[in-house]
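Participant: Coordinates for the following, if possible.
(one chain, ligands or ions: 1)
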Amino acid sequence: MQHIGIIGVGEIGRAIVDGLSDGVDHPPRIHLSPRGARAAAELSARHPNVRVCAGNQEVVNRSDLVIIAVRRPDAADALAGLRVDERTVVVSVMAGIALAELRRILGPGVPLARAIPLPPVRERRCVTVTYPSHPAVDAFFARLGQALPVADEAAFNVMSALTGTLTTHYSFLATLATWAAGHGLDPDEAERYVRGLFGAAGRSLADESRSLQRLAADHETPNGLNERIRTTWFDPTNAETLTKVLDTVLADLD
Ligand SMILES: NC(=O)C1=CN([C@@H]2O[C@H](COP(=O)(O)OP(=O)(O)OC[C@H]3O[C@@H](n4cnc5c(N)ncnc54)[C@H](OP(=O)(O)O)[C@@H]3O)[C@@H](O)[C@H]2O)C=CC1
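Facilitator: You can find the predicted model right below:
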């Protein structure tokens, strides 16, 4: 796969370009759509393997694999009228647009897949969920970390809903740092400590011999600080609110 197209050069499109190019000996040729002109120009100036096309059709014409990374409301406008032949694989990273809908827009016969890349693609450390499994698509995301093909679109949507919890996690950490600063800690020091604390907790997730429930139990002393905060704040009502909003998000994705 030597020619990669990207339609939608925003946050995730840029991360993919950097992941494919930064410090890579033989990066693929990358063809960018012209919208988001400033970002596209910056990428093509920084990476010799990247060029900006005159339009979305040119991106398709020049590419073996095309990533569609526009926002959901822009999808129809970005894809309408595009002619894609069956030698080009189209990968949508757009949340909430089903394969059937993409097929309706692009027409039958186009090899299609969906994927959920996240910003760590930039460091080639992302586990990217894909569906349906396609050798070229899975090999592509393996270059950016690891591909995780799932069995059906329902499973894909569940994974997609899970990714919607990430900013809640960061906001939780920001609230902890703000609280600490409110009690007199230097704000930078408070943030550094929270980052270190949860960075280490994140690394312990790599140990798959312990379940998530086990990890929680292992970090808790009976009647200790952790148990007190968990049972007071993350109580059954809070947990139920979280699972309910996940259900609502999933219903919108299905
Ligand atoms: N951000 C993330 O971490 C992730 C995002 N996604 C999905 O990727 C998609 C893009 O998200 P994100 O990168 O955050 O969004 P951004 O808003 O950062 O980028 C979207 C880009 O699409 C461009 N665009 C809009 N219309 C067209 C068009 N007709 N043709 C070509 N380009 C167009 C915009 O250009 P302009 O600025 O000119 O409007 C903009 O550069 C979404 O569907 C999202 O669900 C998936 C996984 C992770």
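Participant: any idea how far Pro108 is from Val66?
Facilitator: Pro108 sits 17 Å away from Val66, taking C-beta to C-beta, to the nearest Å as the criterion. Just so you know, the C-beta spots here come from the backbone N, C-alpha and C atoms, and that holds for glycine as well.
Participant: Comparing the two, which residue is more hemmed in?
Facilitator: Set Pro108 next to Val66 and count neighbours by other C-beta atoms under 10 Å: Val66 wins out with 26 against 8.
Participant: Could you double-check that that one sits in contact with Val90?
Facilitator: Yes: taking contacts as C-beta atoms under 8 Å, Val66 lies within contact range of Val90: 5.2 Å.
Participant: overlap in contacts of those two?
Facilitator: Val84 (C-beta atoms under 8 Å, 6 or more residues apart in numbering).
Participant: quick one, helices of the stretch 1-150 of the chain?
Facilitator: Applying DSSP state H, counting those that start in this stretch to the stretch 1-150 of the chain gives helices spanning 11-21, 37-46, 56-62, 75-79, 99-106, 135-143.
Participant: Output the contacting helices and strands for the third one.
Facilitator: So the one you mean is helix 56-62. When contacts are defined as 3 or more C-beta pairs under 8 Å, 6 or more residues apart in numbering; DSSP states H and E, helix 56-62 packs onto strand 3-7, strand 29-32.
Participant: for it, the distance to its chain's centre please.
Facilitator: Centroid displacement of helix 56-62 relative to its chain, using C-alpha atoms, centre = their mean, to the nearest Å, is 24 Å.
Participant: Next: the first one.
Facilitator: Taking the mean of its C-alpha atoms, helix 11-21 sits 11 Å from the chain's own mean (C-alpha atoms, centre = their mean).
Participant: Would it count as contacting the ligand?
Facilitator: Yes: using C-beta under 6 Å from any ligand atom, helix 11-21 reaches the ligand at 11-13.
Participant: How about that helix, which residues are buried there?
Facilitator: In terms of neighbour count (16 or more other C-beta atoms under 10 Å), helix 11-21 has its buried residues at 12-21.
Participant: So which of the helices and strands packed on helix 56-62 is nearest the ligand?
Facilitator: Proximity to the ligand (C-beta to the nearest ligand atom) singles out strand 3-7 among those, at 5.0 Å.
Participant: So which bits of the stretch 101-250 of the chain are right by the ligand?
Facilitator: Residues of the stretch 101-250 of the chain lying near the ligand by C-beta under 6 Å from any ligand atom: 116-119.
Participant: Emit the ChimeraX select command for whichever of the residues you listed are buried.
Facilitator: This is the ChimeraX syntax for the buried subset of those, where burial follows 16+ other C-beta under 10 Å:
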select :116,117,118,119
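Participant: From the residues of the stretch 101-250 of the chain next to the ligand, which land in strands?
Facilitator: Judged by DSSP state E, these include Ile116 as members of strands.
Participant: Of the residues of the stretch 101-250 of the chain next to the ligand, just say which sits nearest to Phe140.
Facilitator: Phe140 lies nearest to Pro117 out of these, by C-beta to C-beta, at 9.7 Å.
Participant: How about the contacts made by the residue in the stretch 151-254 of the chain positioned nearest to the ligand?
Facilitator: As assessed by C-beta to the nearest ligand atom, the ligand sits closest to Thr163 within the stretch 151-254 of the chain, at 6.9 Å. When contacts are counted by C-beta under 8 Å, 6+ apart, Thr163 touches 95, 116, 118.
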